[in-house]
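K.L.:
After the sequence you'll find the predicted model.
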Amino acid sequence: MCPTVEPLLFDRALETAPSAGNPDVLELSPAALGQLMEAAPAVQAELSSIPIDDRLQVIEHMARLWKDRLDRGDYDGLKEEMSVSTGYSPALMETELSFVPAVLGAANIRKNLEASVQGGAEALHRFVEMDETEMFRHVPVGPVLIISSGNSIVPTLIPTVVSLVTGNLTVLKPSISNYRGVTEVFRLLAEVPDSRAARAMRSALAVSYFGHDSPALKAALEEMPLGMVNFWGAEPARSIVAGMVGKNANHPRFFVNGPFTGMAIIEDGVDHLQAA
């Protein structure tokens, strides 16, 4: 019988192992994660040398493919499946799937980068002049490990797309409940028009579920040369992951998105707000 969940990889083959206690789920092995870490410098050097607009166009093509298929009804089955796995209503899942093109939209991502990156988005692939005597450029912080939330796919897509666009080798661990939806989005990377940017972004992404007692996840958090761990979730998992990252001699940055850690920007003209 084929596994129900297995890693999503592009242009590479890596060793997998059954997830602890669940033979129907395959995850990347410690050796496979080690191979990704070894490849990271070359992968990130290639991706970060590509103009930012070329990287954004890859994501924009994914957005268009998703919208076309959503409009045709190709994802109706996915909507029903994710309603069961997440516990959300089909109507709510339909709304969420409709948000994907906006999340992947090149204009939205560029606006985000221009507002948050010193020197603007162009500083992600070339030196930009800050003043008459100073040039500035950003380099990837990765490899990045994203441990995402389980109740929605949109909060999973946002940090993963931003990590890729900013040039990082990115290992994404979705929840088992939203795994199908997340991988359906990123499978589109294999279908965009071929380009240097598309090939580089495929090389820079690996998606794998890891169980709570995964030896690969433990090794990554405690030993591997990660540049950042982005954790989405609450206690007690937050403290457990923080303790594991704290043992890592490579001192990866640890960025937490948990309950009540978000923010909203309210523009003029909003008449009222309603709490969700």
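P.N.:
Nice, thanks for sending it over.

K.L.:
Could you use CA atoms for every contact and neighbour count after this?
P.N.:
Noted.

K.L.:
For residue 19, list the residues it contacts.
P.N.:
Listed by C-alpha atoms under 8 Å, 6 or more residues apart in numbering, the contact partners of residue 19 are 25-27, 210-211, 214.

K.L.:
now do residue 196
P.N.:
When contacts are counted by C-alpha under 8 Å, 6+ apart, residue 196 touches residue 50.

K.L.:
Can you tell me the closest non-neighbouring residue to residue 210?
P.N.:
For residue 210, the nearest residue in space outside its immediate sequence neighbours is residue 27; the separation is 5.8 Å by C-alpha to C-alpha, 6 or more residues apart in numbering.

K.L.:
and the one you found, helix, strand or coil?
P.N.:
Per DSSP: H, G, I helix; E, B strand; the rest coil, the local secondary structure of residue 27 is strand.

K.L.:
doesn't residue 20 make contact with it?
P.N.:
No - proximity of residue 27 to residue 20 does not meet the contact threshold set by C-alpha atoms under 8 Å, at 9.5 Å.

K.L.:
between those two, who's got more neighbours?
P.N.:
Taking residue 27 and residue 20 together and counting by other C-alpha atoms under 10 Å, residue 27 has the greater number of neighbours (25 against 15).

K.L.:
What residues of the longest helix anywhere in the chain count as buried?
P.N.:
Across the chain, the longest stretch assigned as helix under DSSP state H is helix 52-72. By neighbour count on 16 or more other C-alpha atoms under 10 Å, the buried set for helix 52-72 is 52-53, 55-67, 70.

K.L.:
what's next to the helix or strand hosting residue 220, contact-wise?
P.N.:
Element membership of residue 220, judged by DSSP states H and E, is helix 215-222. The set of residues external to helix 215-222 that reach it, using C-alpha under 8 Å, 6+ apart, is 28-31, 33, 210-211, 226, 229, 241, 244-249.
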